[in-house]
Structures are given as structure tokens and as C-alpha cells.
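Chemist: this one's structure only:
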């Protein structure tokens, strides 16, 4: 038995006599460890839906999701925002509070997040999913693209200037004050 090889000074004694756990206790502990590991992995490896900019735009136009641009106001001023996006700077102290307010007003409607190249939005969606937010979606290519695809702008999707209202199909009445 492996325990006797690990503890050679106890050879000749039973495991219980040596003060060691029984085989049954070891197996039970191993099984509990595996179960706990699976549960923990499910919490750590949050599953977030990823969609393309084209799909994000179409779903926003159809009223099937709300698109949040998490870049900074300086970035919005330089490039604009996707025409169907609402700007909510990730660095705001009340970022999560505003998202909770929005989530309470939209009755389960998914929220998609976009940034420059999907780095920030990917992190945000993973963290929000783990924090218990529902229907969290990442726009994988971002505004400018990355190795997964060309992005919003290079796909020829419309942008709007910072300070202007989103596309008329976006229901801004459900939005908290951003």
C-alpha cells in the first residue's frame, strides 16, 4: 500500500495504529477535494458570451441588448462611440453601482461591453459574471480590432460623436443618469 511506502517507519503497524487516516478516510477526502475543485473551477472560470461587433450592433438595433462602451471620455472624443453604444467609463468610482441600476431597469436584457480591442471589456465581463451579473456579453474585437477580427470601425459599422445621442432605436429611457 502506498501509505506504507511513504511512511516506512510505520511498516508492520496498521494505518490506524500509526495514527494515520484509514484508506476509506483518504478516499473520502480525495472525493471531496475533487468535488470542491469542480465547484471552485466553475466559479473561477466564468463563462461569458462573446459576440462580434456586427452581431452586437444588430442585436442592439433589434432591442435585444444594450451596448456599453467602457473606454474613457478622451477615447470617445478621439474616435467617437459605436452608434448604438452608451458610454460608461470603466474608471468611474460608481461604475458597478450604475450597472446595478441599469440591470434593475432592463428586466433581464443582456448587456454587451466594448472597448478598444477587447482587453478591458473581456476583463469587465469576466469580473461582472463572477460578481453575479446576469446576461453579460463581451464584444470580442472591440472598436479597433485585434487578432480575432478587424473591429467595429474596420467593419464599416457606424460611429457617433461623443456628446451626441445614440441611434434612435436605442431606448435611452431605461438608462440611469450616466
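Modeler: Ah, there it is. Here the structure is a predicted model, which is why all the values come from computation and not from measurement. Numbers count the residues shown, from 1 in each chain.
Chemist: please, which helix or strand holds the residue nearest to residue 115 when sequence neighbours are not counted?
Modeler: Leaving aside its chain neighbours, residue 115 sits nearest to residue 121 (4.4 Å; criterion: Cβ to Cβ, 6 or more residues apart in numbering). The C-beta positions use only the backbone N, C-alpha and C, and glycine is treated the same way. Residue 121 belongs to helix 119-130 when assigned by DSSP states H and E.
Chemist: so what does that helix touch, helix or strand wise?
Modeler: strand 111-114, strand 136-139 (3 or more Cβ pairs under 8 Å, 6 or more residues apart in numbering; DSSP states H and E).
Chemist: quick one: the ones you listed as a markdown table, columns for mean pLDDT too.
Modeler: As requested, those are arranged in a markdown table below (pLDDT from 0 to 100):
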| stretch | mean pLDDT |
| --- | --- |
| strand 111-114 | 97 |
| strand 136-139 | 97 |
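Chemist: dump the ones you listed into a markdown table; add mean neighbour count as well.
Modeler: A markdown table is the format used below for these (neighbours: other Cβ atoms under 10 Å):
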| stretch | mean neighbour count |
| --- | --- |
| strand 111-114 | 26 |
| strand 136-139 | 26 |
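Chemist: is residue 145 in contact with residue 154, as I believe?
Modeler: Yes - counting by Cβ atoms under 8 Å, residue 145 touches residue 154, with 5.5 Å between them.
Chemist: picking up where we left off before, mind putting the helices and strands packed on helix 119-130 into JSON lines with distance to residue 70?
Modeler: What follows is the helices and strands packed on helix 119-130, written out as JSON lines (distance: least, Cβ to Cβ, whole Å):
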{"stretch": "strand 111-114", "distance to residue 70": "6"}
{"stretch": "strand 136-139", "distance to residue 70": "10"}
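Chemist: from residue 152, how far out is the residue nearest to residue 115?
Modeler: Distance from residue 121 to residue 152, counting by Cβ to Cβ, to the nearest Å: 12 Å.
Chemist: so between the two, which is more surrounded?
Modeler: Using other Cβ atoms under 10 Å as the criterion, residue 121 and residue 152 rank with residue 152 on top: 30 against 27.
Chemist: which stretches of this protein form strands?
Modeler: 49-51, 66-69, 81-82, 85-87, 111-114, 136-139, 159-160 (DSSP state E).
Chemist: make JSON lines out of those strands and add distance to residue 23.
Modeler: Listed next are these as JSON lines, based on distance: least, Cβ to Cβ, whole Å:
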{"stretch": "strand 49-51", "distance to residue 23": "45"}
{"stretch": "strand 66-69", "distance to residue 23": "54"}
{"stretch": "strand 81-82", "distance to residue 23": "61"}
{"stretch": "strand 85-87", "distance to residue 23": "60"}
{"stretch": "strand 111-114", "distance to residue 23": "50"}
{"stretch": "strand 136-139", "distance to residue 23": "45"}
{"stretch": "strand 159-160", "distance to residue 23": "66"}
